[in-house]
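Engineer: need the 3D shape of this:
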Amino acid sequence: MLVRVLGAGAGGGFPQWNCNCENCKAVRAGAAGFVPRTQSSLAVSSDGKAWVLLNASPDLRQQIADARALQPGPEDQKRASPIRAAVITNGDVDHMAGLINLRELQPFSIYAHRRVLNVLNGNSIFNILNAEAVPRTELELGMSTPLSGDGNDLGLTVEAFDVPGKIALYLEDENAGPDLGTDTGDTVGLKVTDQTSGVSFFYIPGCATVDDRLAQRLKGADLLFFDGTLYEDDEMIRQDLMPKTGARMGHISISGANGSIAAFSPLKVKRKIYVHINNSNPVLDDNSPERQQTEAAGWEVGYDGMEIQI
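Structural biologist: Residues are numbered from 1 along each chain as shown. Model prediction:
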């Protein structure tokens, strides 16, 4: 099974179009140790030929242009794509807006929890993906679902499971109480398994906390891509970028007693990679103390084009 990080940045990417924080200034200037990143998405394949997107970011067109494996081959028909399916983990703009790039009546399949499908079905702009060419399939939590696309089995199964999180920002309901209208299925993680080899990995680009149930699920996993949005919970407030903490946005921080480094320390996950990294995060500086501390704790910082074979 092949896994490619299409985009390792959080919403807005790195640099963000309207952000002039120290990190964004440095990456625009070409400073050593700063690498641009597009918005969060992975691609996975059981055979290196047919591919499944895990989330579809607004930067998807650029990500396809940067990945030869996701482009039509020289022997393909005049209209063709190796992208056969897309699995969406939540209703965030940076995880589903890229579906619009896949219009033009190209057959592929969409998989998501009912809560996310309701968002797609309720926004007429996504009707540009003709239902006859692009079927939408509901993922039942805790169920292993074989993936197919354009009538072909893709050799992969996906299991969606609920993780602590919140409803997408633009769907928040201030009248719904402290949970802002959040319900089961608004944020899910994925376990992706190769049907032939049996190898698997986990993808959790958004997570508010690692509770006991999630910890037990991930204990001893071979490979994990995990929410690395912020290094410290209040970093965007301190940098005068946004008056919200990571916890308010539904994202666990990397550092601290309640952060992901501490949470995963006893879980013996063999390989851990941060994705969905916000432009404010100091780990985006390859030479920062925070980057060194993160790597010393056994974590890798994901980057666009990163490829892993398992």
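
Engineer: just the strands in the stretch 151-300 of the chain please.
Structural biologist: Taking DSSP state E, counting those that start in this stretch as the criterion, the stretch 151-300 of the chain contains strands spanning 152-162, 188-194, 200-204, 224-227, 272-275, 299-301.

Engineer: the second one pairs with which strands?
Structural biologist: Under the criterion DSSP bridges, strand 188-194 sits next to strand 152-162 (antiparallel), strand 200-204 (antiparallel) in its sheet.

Engineer: dump the ones you listed to JSON lines, plus distance to Leu53.
Structural biologist: Glycine gets a C-beta too; all of them are placed from N, C-alpha and C. Conversion of the strands paired with strand 188-194 to JSON lines gives the following (distance: least, C-beta to C-beta, whole Å):
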{"stretch": "strand 152-162", "distance to Leu53": "12"}
{"stretch": "strand 200-204", "distance to Leu53": "11"}
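
Engineer: most tightly surrounded among these?
Structural biologist: With neighbours defined by mean count of other C-beta atoms under 10 Å, none of the strands paired with strand 188-194 is more surrounded on average than strand 200-204, at a mean of 22.

Engineer: run through who's touching that one.
Structural biologist: In this structure, residues lying in contact with strand 200-204 by C-beta atoms under 8 Å, 6 or more residues apart in numbering are 1, 3, 42, 54, 89, 163, 189-194, 218, 221-227, 310.

Engineer: quick one on the thing from earlier: mind checking which of the strands of the stretch 151-300 of the chain is nearest Asn18?
Structural biologist: Between Asn18 and the strands of the stretch 151-300 of the chain, the shortest separation by C-beta to C-beta is 22.3 Å, and it involves strand 272-275.

Engineer: neighbouring strands for the closest one, and are they parallel or not?
Structural biologist: Strands that pair with strand 272-275, judged by DSSP bridges, come out as strand 224-227 (parallel), strand 299-301 (parallel).
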